[in-house]
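S.K.: fold the following and give me the result.
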Amino acid sequence: MKIRLPWPGTLLNTLTVILGSALGLVLHQSLPAGLMDTALVGIGLVNLAMGVKMFMGSDSILMVAGAIVFGGVIGALCGITPGLDAAAETLRRSLGAEGDFNQGLVTASVLFCVGPMTLLGCVEDGLQGHSELLRIKSLLDGVASIFLAATLGAGVLASAAVVLIVQGAVTSMAKTLRPLVHDEVMQKQLTAVGGILILAIGLNLAKIAKIPTADYLPALVVAPAMLWASRRWRPA
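M.R.: Below is the predicted model:
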């Protein structure tokens, strides 16, 4: 009898993040601090370019701006960043980790879980049992985790748990989320908002600014809500 593991794509993605982070931690111990800073800025610049590319696909910049602003306000009022920092600090102390653990955990979690491949791949995996997109994402995340862990430390390894939980949840809700996958305009708006979040990560890593990226996560919910509302109340 053939046994199929639940969330095969997500399990593979989690494993590649663990393996990549482990390799990165080995490098973290041997690379000079100055060299790690240079690598971190380089990763930030790549994220800047990626974020701009994702944002440019939007059909409505005004709606993306509204989602980011309102999402950021909601996140700030809910205290998302302080809450995540406190949780990350508790985890860091329990593990005895050092370095930029909190930044590594939050940065890697947002980077690995925000983007079109996460939604599309998980829904595909949940509905059809196909993991092609998540296999590609697994390879990309595995490579990225090497460099992130080499510069930010053990927090990147801890983000594997976030990948497992978030992508597992999305895969489990595949039937509910299917309309989002088949809505091209919705995909573009979500991708654009995700691009802004990736852009914020890039600015932080490149040490150009210090942005509480996690506060803007509610924008990923606000964006589809705004699009739905605009369609519902559009004049006939």
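
S.K.: going forward, measure contacts between C-alpha atoms and count neighbours the same way
M.R.: Fine.

S.K.: could you point out the helix or strand that follows the host helix or strand of residue 72?
M.R.: Residue 72 belongs to helix 61-78 when assigned by DSSP states H and E. Using DSSP H and E, the helix or strand that follows helix 61-78 in sequence is helix 80-95.

S.K.: tell me the pLDDT at residue 15?
M.R.: Looking at residue 15, its pLDDT reads 95.

S.K.: next, count neighbours for it.
M.R.: Residues lying near residue 15 (other Cα atoms under 10 Å) number 18.

S.K.: check contacts around it.
M.R.: residue 160 (Cα atoms under 8 Å, 6 or more residues apart in numbering).

S.K.: go again using 10 Å as the cut-off
M.R.: 9, 21, 138, 142, 160-161, 163-164 (Cα atoms under 10 Å, 6 or more residues apart in numbering).

S.K.: ok, and the most crowded of those?
M.R.: Result: residue 21 is most packed of those (other Cα under 10 Å), 31 neighbours.

S.K.: circling back to that earlier point, tell me which other helices or strands the helix holding residue 72 touches.
M.R.: helix 80-95, helix 184-205, helix 219-232 (3 or more Cα pairs under 10 Å, 6 or more residues apart in numbering; DSSP states H and E).

S.K.: was I right to think residue 111 contacts residue 196?
M.R.: No - counting by Cα atoms under 10 Å, residue 111 sits too far from residue 196 to count as a contact (11.3 Å).

S.K.: identify the contacts common to those two.
M.R.: residue 202.

S.K.: between these two, which has more neighbouring residues?
M.R.: Using other Cα under 10 Å, the more surrounded residue of residue 111 and residue 196 is residue 196, with 24 against 20.

S.K.: quick one, grab the pLDDT at that one.
M.R.: Value for residue 196, per-residue pLDDT: 93.

S.K.: so what's it up against?
M.R.: Here residue 196 is in contact with 48, 50-55, 64-65, 68, 202, 213, 216, 219 (Cα under 10 Å, 6+ apart).

S.K.: drop anything exposed from these.
M.R.: 48, 50-51, 53-55, 64-65, 68, 202, 213, 216, 219 (16 or more other Cα atoms under 10 Å).

S.K.: make CSV out of the residues you listed and add distance to residue 172 and pLDDT.
M.R.: CSV is the format used below for these (distance: Cα to Cα, whole Å; pLDDT from 0 to 100):
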residue, distance to residue 172, pLDDT
48, 31, 91
50, 28, 87
51, 28, 88
53, 29, 89
54, 26, 88
55, 28, 91
64, 27, 92
65, 30, 93
68, 27, 95
202, 30, 90
213, 26, 89
216, 24, 92
219, 22, 92
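
S.K.: and of these, the nearest to residue 25?
M.R.: Set against residue 25, the nearest of those by Cα to Cα is residue 202 (21.0 Å).

S.K.: so what's the closest residue to the closest one other than its chain neighbours up against?
M.R.: Distances taken as Cα to Cα, 6 or more residues apart in numbering place residue 44 nearest to residue 202, at 4.0 Å, with adjacent residues excluded. Taking Cα under 10 Å, 6+ apart, we find residue 44 in contact with 38, 50, 198-208.
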